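Novice: return atomic coordinates for the entry below.
(chains A, B, C and D)
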There are 2 protein chains.
Amino acid sequence: MKKHKAKSVPPPVRGKRGPRPRNSVTLKMVAREAGVSASTASRIINRTVNVSDELRTAVEAAIAKFNFRPNAAARGLALGKTSTIGVISQAMASPFYGQGLRGIETRLQQGGYAPLFMSGNWQEKEEIRCMEELINRGVDGIILFTGSINDAALKAYARKVPIVVTGRALRAKQFISLQVDDRHGATVAMRHLLDLGHRRIAFVTGFENHPDANERLIGYRDALAAAGIPYDPQLVIAGDFHEEGGMQAVYQLMDSNIAFTAMFCVNDETAYGACLALFRKGMRVPEDISIVGFDDLPSSTYRVPPLTSVRQSVQQVGECAAEAMLQLIAGRRPQVTLPAVELVVRESTSRINR
Amino acid sequence: MKKHKAKSVPPPVRGKRGPRPRNSVTLKMVAREAGVSASTASRIINRTVNVSDELRTAVEAAIAKFNFRPNAAARGLALGKTSTIGVISQAMASPFYGQGLRGIETRLQQGGYAPLFMSGNWQEKEEIRCMEELINRGVDGIILFTGSINDAALKAYARKVPIVVTGRALRAKQFISLQVDDRHGATVAMRHLLDLGHRRIAFVTGFENHPDANERLIGYRDALAAAGIPYDPQLVIAGDFHEEGGMQAVYQLMDSNIAFTAMFCVNDETAYGACLALFRKGMRVPEDISIVGFDDLPSSTYRVPPLTSVRQSVQQVGECAAEAMLQLIAGRRPQVTLPAVELVVRESTSRINR
DNA sequence: AGCATCACTGAAACCGGTTGCAGAAAGCCG
DNA sequence: CGGCTTTCTGCAACCGGTTTCAGTGATGCT
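Specialist: The predicted model follows:
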């Protein structure tokens, strides 16, 4: 008994396959229950074609009865898409990113996509790793939320998968970059302080060369220039976008005996740190020093005192990014506009009193 | 020209299929390049069997040359697993969850899994939706980070997929629950206040019936009892785990002229709100009122004044949850222990001065 | 009535991997 | 030197959907 040519009559070999305790309902089972073929069931589910009402209700009943949910992997394989969007941010733990991620999640979900979040931890290498991993997993697009991957690499990736990036000015196919109007926001913040009579205004910036930080610095300088106040480099201190940077900046200013009556911080977290350092130094906010932040994190409302800040609604930026991605995938050239930045005046700023 | 029986000779129909611009390298291409079959290539990649060094290097070279990455959907379909763990939390935007999620992400990644995050927004219905969605997507396990899905439903889900839950005491197959020692933490916080001489200590709790809140309330009462101080229900105010709840609690206490010299808040965010309300009422922290929080969020270090809090390292809880999940998947009965809670004394508490 | 059109439906070929089975080649034995 | 393991390798059958193509009745048009 030898079958010298196995192909002549394909015998249903059917050994029991591997780990098959898939406790799941398959399309075939639903189809059989409804008395139709799998193809028809599939078409009904996806509304690909019209089918008679009779069959439709039968299939729908079967689906409900078994609580059928199509297997995402199979569908992804067949369709060549996963209905998943990769999202790379820097750190989930930060309230800033949390906000943005939430916006992305919300909007994506409306569009039938789910986000797959990964964190780059402020390291380009890690971001690259995330990129690769996400592409492996076959995501249908990638949103880079304030990433630092260099432009060239990004363009290269954009040829494999649609990409949306925040905080860049870069054009390419399958590629959208969203620019928050950092410069304008900074100008508005400065104008507020200037209006209150401040003239010696310190600026705590972020990492060297970070686009957001640079733009905000430009806004700072623009506002000074417009008010006819000379730019004093001593008043600009490098920070790290975190509380620690804000604290160090204050210590540095005060230890150097550099006079100032107000501070503009590159983001709210930096402002928090500055507040604490001033408190340590026995200075009061806003009586002695006025402080303005940027981002208007939710917790800024509840600081003591509540922080004046430039609101850019990170959540809305996230939503816009998601929106852009959805349009990109749909093949349209996205036309999304970020909400305008606006100053939220609270209690960390007051008229200069001396 | 009619072929009445199409099956007799299966003709390679091969119409051009749908959207096939898969710009990806397939296993088959790699195999051909290396001069082996797809099966062998697969086995080499997965180290399923030993193969001659010659072939191994050939295949590895081909992989490198094409930068081949196996298609995750196909692999998932064949294997019945996705190397993805679903994670349901309540809100990404909150620093609390951000911390925990970060811990989960870190640990999972070490184990070769990636997290798929979804938010329930404190609504059981949404959590259920997430559950379903995650199961659809074929995740290999689900971590419910402080969820409110009822125990019965949870047990039912656990029959379809391994589940790890925080903040419950529930046993089942394929199911682990992690309990933070809330009660002990609350006791420690209270003992600190009592040691400082406080006797009228308010407690701002969370949502009604939330397990964490209840446990902490018990700790509060235990500590009072141990100190021989009668429990005064007037001093316990319901909150919402957020700043707003803390503010309202303070207003309520003060408007009712209920005397108190210290507050213990169910979590840090509540404490933040309380601080602000006290500030509004012209009370100083800690000179007039001492405040203790719970969770020790990163930003508590930078509050003005820095907040005394019970540290439970949410990030470590996240890591433990991930660890438990990995073990569960590996078929072991996980034996993970959460780090002990500890009090971090900062500047929001001081000896009573009256 | 005769033939083209149309609306539905099912069989089978994919998607891109994994893996049971068997055949081939090499090694070992009596 | 033939028979029997042992080690590798390839064929083809899956995984669970989607979609092309062909086939069946029913209908429309001349």
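Novice: quick one: secondary structure of A:V87?
Specialist: strand (DSSP: H, G, I helix; E, B strand; the rest coil).
Novice: are we agreed that A:L116 is in a strand?
Specialist: Yes. A:L116: assigned to a strand according to three-state DSSP.
Novice: state the pLDDT value of it.
Specialist: Note on A:L116: pLDDT of 93.
Novice: does it touch A:S83 like I think?
Specialist: No. Taking CB atoms under 8 Å as the definition, A:L116 is not a contact partner of A:S83, at 10.6 Å. Heads up, the C-betas are built off the backbone N, CA and C, glycines and all.
Novice: which of those two has more neighbours?
Specialist: A:L116 (22 against 17; other CB atoms under 10 Å in any protein chain shown).
Novice: for that one, list each beta-bridge partner.
Specialist: Note on A:L116: beta-bridge partners A:G86, judged by DSSP bridges.
Novice: now for it: which residues touch it?
Specialist: Applying CB atoms under 8 Å, 6 or more residues apart in numbering or on different chains, we find A:L116 in contact with A:T84, A:I85, A:G86, A:V87, A:L134, A:R137, A:V139, B:A114, B:L116.
Novice: cool, and A:Q252?
Specialist: Contacts of A:Q252 by CB under 8 Å, 6+ apart are A:I237.
Novice: could you report the distance from it to DNA strand D?
Specialist: 60 Å (CB to the nearest atom of the strand, to the nearest Å).
Novice: that residue: which element?
Specialist: Per DSSP states H and E: A:Q252 is located in helix A:243-255.
Novice: output the contacting helices and strands for whichever helix or strand comes after that helix.
Specialist: Using DSSP H and E, the helix or strand that directly follows helix A:243-255 along the chain is strand A:262-265. Packing partners of strand A:262-265 (3 or more CB pairs under 8 Å, 6 or more residues apart in numbering or on different chains; DSSP states H and E): helix A:182-195, strand A:201-204, helix A:243-255, helix A:268-280, strand A:290-295.
Novice: most tightly surrounded among the ones you listed?
Specialist: Most buried of the helices and strands packed on strand A:262-265, by mean neighbour count (mean count of other CB atoms under 10 Å in any protein chain shown): strand A:290-295, with a mean of 28.
Novice: ok, the helix or strand just after that strand: who's next to it in the sheet?
Specialist: Sequence order places strand A:308-311 as the next helix or strand after strand A:290-295, per DSSP H and E. Using DSSP bridges, the neighbouring strands of strand A:308-311 in the sheet come out as strand A:290-295 (parallel), strand A:342-344 (antiparallel).
Novice: hmm, who's touching strand A:308-311?
Specialist: A:185-186, A:188-189, A:192, A:268, A:271, A:290-297, A:300, A:341-349.
Novice: redo that, cut-off 6 Å
Specialist: For strand A:308-311, contacts defined as CB atoms under 6 Å, 6 or more residues apart in numbering or on different chains pick out A:185, A:189, A:268, A:292-294, A:296, A:300, A:341-346, A:348-349.
Novice: hmm, back to that, report the angle between the helix holding A:Q252 and strand A:290-295.
Specialist: 150 degrees (axes from the mean of the first three to the mean of the last three CA atoms, to 10 degrees).
Novice: so how far is helix A:243-255 from its chain's centroid?
Specialist: 29 Å (CA atoms, centre = their mean, to the nearest Å).
Novice: likewise for stretch A:76-84?
Specialist: Using CA atoms, centre = their mean, the offset of stretch A:76-84 from its chain centre is 23 Å.
Novice: what does stretch A:301-318 give?
Specialist: The answer for stretch A:301-318 is 16 Å, by CA atoms, centre = their mean.
Novice: cool, stretch A:190-209 as well?
Specialist: On CA atoms, centre = their mean, the centre of stretch A:190-209 falls 27 Å from that of its chain.
Novice: my guess is A:K81 contacts A:D140. True?
Specialist: Yes. A:K81 lies in contact with A:D140 (CB atoms under 6 Å); the separation is 5.0 Å.
Novice: now the nearest residue to A:H242 once chain neighbours are set aside: how far from DNA strand D?
Specialist: Nearest in space to A:H242, with sequence neighbours left out and distances taken as CB to CB, 6 or more residues apart in numbering or on different chains, is A:E269 at 5.3 Å. To DNA strand D, A:E269 is 45 Å away according to CB to the nearest atom of the strand.
Novice: in chain A, what spans have low per-residue confidence?
Specialist: A:1-23, A:354 (pLDDT under 70).
Novice: helices along that one, start to end?
Specialist: Assigned by DSSP state H, the helices in chain A fall at A:27-34, A:38-46, A:53-66, A:72-79, A:95-110, A:124-136, A:151-158, A:182-195, A:211-226, A:243-255, A:268-280, A:314-329.
Novice: need the winner for burial among the ones you listed.
Specialist: Using mean count of other CB under 10 Å, helix A:268-280 ranks as the most buried of the helices of chain A, with a mean of 25.
Novice: other SSEs contacting it?
Specialist: helix A:243-255, strand A:262-265, strand A:290-295 (3 or more CB pairs under 6 Å, 6 or more residues apart in numbering or on different chains; DSSP states H and E).
Novice: distance from it to the middle of the chain?
Specialist: 26 Å.
Novice: pull the residues that contact that helix.
Specialist: A:204, A:239, A:242-247, A:250-251, A:263, A:265, A:285, A:289, A:291, A:293, A:295, A:297, A:300, A:307, A:309, B:302, B:304.
Novice: check contacts around the residue of the stretch 201-350 of chain A found nearest DNA strand D.
Specialist: Nearest residue of the stretch 201-350 of chain A to DNA strand D (CB to the nearest atom of the strand) works out as A:I329 at 14.9 Å. Contact analysis of A:I329 by CB under 6 Å, 6+ apart lists A:D140, A:G141, A:P162.
Novice: any idea how many residues pack against the nearest residue to the second one once chain neighbours are set aside?
Specialist: So that's A:G141. Spatial nearest neighbour of A:G141, chain neighbours left out: A:P162 (4.2 Å); criterion: CB to CB, 6+ apart. A:P162 has 24 neighbouring residues, counting by other CB under 10 Å.
Novice: before we move on, what about A:R284?
Specialist: 10.
Novice: so what's it closest to, chain neighbours aside?
Specialist: Using CB to CB, 6+ apart, the nearest residue to A:R284 is A:L278, at 7.6 Å.
Novice: with distance to B:N121 added, can I get the helices and strands packed on strand A:262-265 in JSON lines?
Specialist: What follows is the helices and strands packed on strand A:262-265, written out as JSON lines (distance: least, CB to CB, whole Å):
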{"stretch": "helix A:182-195", "distance to B:N121": "29"}
{"stretch": "strand A:201-204", "distance to B:N121": "34"}
{"stretch": "helix A:243-255", "distance to B:N121": "28"}
{"stretch": "helix A:268-280", "distance to B:N121": "23"}
{"stretch": "strand A:290-295", "distance to B:N121": "22"}
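Novice: burial of the residue lying closest to A:P115 once chain neighbours are set aside, as a residue count?
Specialist: Leaving aside its sequence neighbours, A:P115 sits nearest to A:V87 (CB to CB, 6+ apart; 4.8 Å). Other residues within reach of A:V87, judged by other CB under 10 Å, total 30.
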